[in-house]
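Engineer: When you get a sec, could you give me coordinates for this:
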Amino acid sequence: MQRITLGNMQNPIRGLLHGTAAVASVGGLIVLIISTLNDRPRMLSMIVFGVSLVALYTTSALYHSIPWGERWKARMQRIDHSMILLLVAGSFTPFASNLLEGGWRIATLAIVWSAFVAGTVERIVFHRARVWLPVALATTMGCFAVVPLPVMADRLAPVGIVLLLAGGVAYLIGMIAFATKRPRLFPRIFSYHEVFHVLVVAGSLFHFAVVLKY
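Structural biologist: All right, here's what the predicted structure looks like:
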């Protein structure tokens, strides 16, 4: 079934949604920096998080909007998938840096960033790597959050814990939709892939709210 296009945009909803999110992420990055001007270590973790948002949504918007040739489409897909891993690691960074201490902080950051590097190398070096692999790795990285969560929870108000979990659930449901290719809803316009994109934006908003406040 042929999908509805908008001009040269092959996936208009995905492209416009994440294009809007990319612009909003730039604004969000500025807000995060301004909010931590008097705390340089905290600001650094905010910058990592904000840049990961900008990188993911900019790459996704470009990948889904531009009618790439076959070779460049494959390259952009690999970069797009790597940005998912970057967002997971980038999202962990402010939580681990600001809510954990000592071995917890070091171990958490080491694990998530090592997973990002390994997953990115796998996507870039092995050109025919399976599409499901970065999704599975990103999901595993996200679920790893339950390990340090009890420690972080001691420094979060109940609303912060709820927002943190809501973001994780949004990401998880989105990954499940992408992996299972369900629900299809309106295949020509809004299907499982669009559901995935919407839930990623929702997860980002939940986590941004927590990072900004705590």
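Engineer: Please identify the buried residues of the top helix by length along the chain?
Structural biologist: Taking DSSP state H as the criterion, the chain has its longest helix at helix 70-99. For helix 70-99, burial by neighbour count (16 or more other Cβ atoms under 10 Å) applies to 76, 78-99. Using the backbone N, CA and C atoms, a C-beta is placed for each residue, glycine as well.
Engineer: Mean confidence (pLDDT) on that helix, please.
Structural biologist: Averaging pLDDT along helix 70-99 gives 95.
Engineer: got it, and stretch 125-139?
Structural biologist: 75.
Engineer: Same question for stretch 110-122.
Structural biologist: On average, stretch 110-122 scores 94.
Engineer: Show residues contacting that stretch.
Structural biologist: 82, 85-86, 88-89, 92-93, 96, 129, 133-134, 137-138, 140-141, 144 (Cβ atoms under 8 Å, 6 or more residues apart in numbering).
Engineer: what's the farthest-apart pair in those residues?
Structural biologist: Ala96 and Ala129 (27.6 Å; Cβ to Cβ).
Engineer: quick one on the thing from earlier: from the contacts of stretch 110-122, which is closest to Pro67?
Structural biologist: Ser82 (21.5 Å).
Engineer: In this structure the closest one contacts Pro134, no?
Structural biologist: Yes. Counting by Cβ atoms under 8 Å, Pro134 is a contact partner of Ser82 at 7.1 Å.
Engineer: which neighbours do these two share?
Structural biologist: Common neighbours of Ser82 and Pro134 (Cβ under 8 Å, 6+ apart) are Gly119, Arg123.
Engineer: those helices in the chain, which residues are they?
Structural biologist: Going by DSSP H, the chain shows helices at 12-35, 40-65, 70-99, 102-125, 132-143, 149-153, 158-180, 192-213.
Engineer: closest one to Phe186 among these?
Structural biologist: helix 192-213 (8.9 Å).
Engineer: got a list of contacts for the closest one?
Structural biologist: Outside helix 192-213, the residues that reach it (Cβ under 8 Å, 6+ apart) are 11, 13-14, 17-18, 21, 25, 28, 31-32, 35, 46, 49, 53, 56, 60, 87, 91, 94-95, 156, 160, 163-164, 166-168, 170-171, 173-175, 177-178, 180-185.
Engineer: residue closest to the middle of this protein?
Structural biologist: Leu87 (3.7 Å; Cα atoms, centre = their mean).
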